[in-house]
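Enquirer: Below are the sequence and a predicted model for it; my questions follow.
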Amino acid sequence: MNSTYTCIGLILLIIISTSYYTLAEDFVKRVEDAYIRALKLNEVGFDTSNIVSTLNSALTLYNQGDIVRASNTLTIAEQELSRLEASNPPLIREYHLRLSIALLLLFFPILAYFSIPLLYLELWFRLRRSWRIEYTR
Amino acid sequence: MNILDEEVFSVIMAIIVISSILSAVTIIREGFYRDSFSAIGLLNKDCLLGDYPDKALVNGTIELCIFIYNHEGKPILYKVLYKVGFNNTIPSNTTPSIEPTIREFYSILNHNSNTTFKVNIQVNPPRSIKDGETLALIFELWRLNPGNKQWEYTGRWVHLYIKAYKVPLE
């Protein structure tokens, strides 16, 4: 009789430990997928910093061994990702910003061509403002 | 020097034109974060620099803090692998340590942000050791490559040398 209970106990222990490791493995895979989804949203111009912070909270809980709370926090982040994926991407993306700054930089030489002589003359006159002109024979 | 002189002004304009073209091309091709990097640091149990433990019991636990910093220009998913090795099995800039992984710690960080977290690690030598032998507690920084979904070693690691004893010291 005792051996039967021991056997059942061992089987239960194996089932619990196996399911724990499966849960932990699944959790990491879910985080990897969520990270890739967040990165894609970030590339098209969404602000994903809050989602990344939520994912980090989930990972902190996971590191502490609290897989249940970690999984719940991860679910919140996944829901937020789904909400963003369903919405329209922002009009201004990082690439557009980079292109605008590059165009401004290319425009700078034209600006310099006209403004440098003006600035130089302005400075030249300001520095000689107190000068007195005397005529000598 | 009169900068309104034709030759001087031509040289100034040439320098401005070349530098503006180079800057524009760099921003379009490489983005704003050219000097991207990740960093890992090891802190003591109070999450401060210095005052690290220098001895431990074999199979005993040590409390330390790990610091990670992301300056890659985008969010990064990190993994810190904890290994116990020796002087000849510490990692290099290109290859991780050959010792088996004992624990993994995960973190995800936005660009230009950092995290510090406490870790309770066990001093489990990979083979039987002599009393008082020096061990290296190794922490390697890995990151997930989103392209192929594979974990890649960043080339960054920290290690702490400790003397491991089999019986508690007086």
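Expert: Happy to help now that I have it.

Enquirer: what about the residue of chain A found nearest chain B, neighbour count?
Expert: Nearest residue of chain A to chain B, counting by Cβ to the nearest Cβ: A:Ala102, 3.9 Å away. Using the backbone N, CA and C atoms, a C-beta is placed for each residue, glycine as well. Applying other Cβ atoms under 10 Å in any protein chain shown, we find 19 residues neighbouring A:Ala102.

Enquirer: Show me what counts as buried in the helix or strand hosting it.
Expert: Using DSSP states H and E, A:Ala102 sits within helix A:94-127. Within helix A:94-127, the residues that count as buried by 16 or more other Cβ atoms under 10 Å in any protein chain shown are A:98, A:102, A:105, A:108-109, A:112, A:116.

Enquirer: Report the secondary structure state of residue 77.
Expert: Picking chain A for this. Following DSSP: H, G, I helix; E, B strand; the rest coil, A:Ala77 is assigned to helix.

Enquirer: What of B:Asn124?
Expert: coil.

Enquirer: these two touch, right, it and B:Asn59?
Expert: Yes: between B:Asn124 and B:Asn59 a contact is recorded at 6.0 Å, counting by Cβ atoms under 8 Å.

Enquirer: circling back to that earlier point, spatially nearest residue to the residue of chain A closest to chain B (excluding sequence neighbours)?
Expert: Distances taken as Cβ to Cβ, 6 or more residues apart in numbering or on different chains put B:Ala24 closest to A:Ala102, at 3.9 Å, once the chain neighbours are dropped.

Enquirer: For that neighbour, which residues are in contact?
Expert: A:101-103, A:105-106 (Cβ atoms under 8 Å, 6 or more residues apart in numbering or on different chains).

Enquirer: Relative to A:Tyr113, how far out is it?
Expert: Using Cβ to Cβ, to the nearest Å, we find B:Ala24 at a distance of 17 Å from A:Tyr113.

Enquirer: One more: B:Asn87?
Expert: Note on B:Asn87: its distance to A:Tyr113, by Cβ to Cβ, is 63 Å.

Enquirer: cool, B:Gly85 as well?
Expert: As defined by Cβ to Cβ, B:Gly85 lies at a distance of 62 Å from A:Tyr113.

Enquirer: low-scoring pLDDT stretches of the chain, where are they?
Expert: Answering for chain A, as no chain was given. Low-confidence segments of chain A (pLDDT under 70): A:1-2, A:7, A:10-23, A:91-92.

Enquirer: not what I meant, chain B
Expert: Within chain B, the stretches with pLDDT under 70 are B:1, B:30-34, B:169-170.
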